[in-house]
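J.: Structure for this input, please:
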Amino acid sequence: MKCSEKTNKTGFYYEVTEKQIEEHQKRSIEEILNWIESTNELIWMLQTEEERKRKYIFKPLKKHSEFRR
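T.: Next up is the predicted model:
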């Protein structure tokens, strides 16, 4: 879901239900790692070469007080 205009922030957020959390907790480590791997492969296919390189550029760390709540 896109962030609402009220927050005046950019990016995305997701809402999950208690049932979704419970279902996720039932998954094995292997299932979770396979899901992560397939998601990484999809992201890799969708990225340009420039976007792949950009992830290695240093980004200054935020102070704890700067994180959104």
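
J.: So which bits of the least confident helix or strand in the chain by mean pLDDT are buried?
T.: None of the helices or strands of the chain scores lower by mean pLDDT, DSSP states H and E than helix 49-54, at a mean of 89. Across helix 49-54, burial judged by 16 or more other CB atoms under 10 Å covers no residue at all. (Each C-beta comes from the backbone N, C-alpha and C, glycine too.)

J.: Please apply the same query to stretch 53-66.
T.: Buried residues in stretch 53-66, counting neighbours by 16+ other CB under 10 Å, are absent.

J.: which residues sit against it?
T.: Around stretch 53-66, nothing counts as a contact under CB atoms under 8 Å, 6 or more residues apart in numbering.

J.: Okay, residue 21 and residue 48: tell me how far apart.
T.: Residue 21 sits 34 Å away from residue 48 when distances are taken as CB to CB, to the nearest Å.

J.: In the helix of greatest length in the chain, which residues are buried?
T.: Secondary structure of the chain per DSSP state H: the longest helix is helix 29-46. Neighbour counts over helix 29-46 (16+ other CB under 10 Å) mark no residue as buried.
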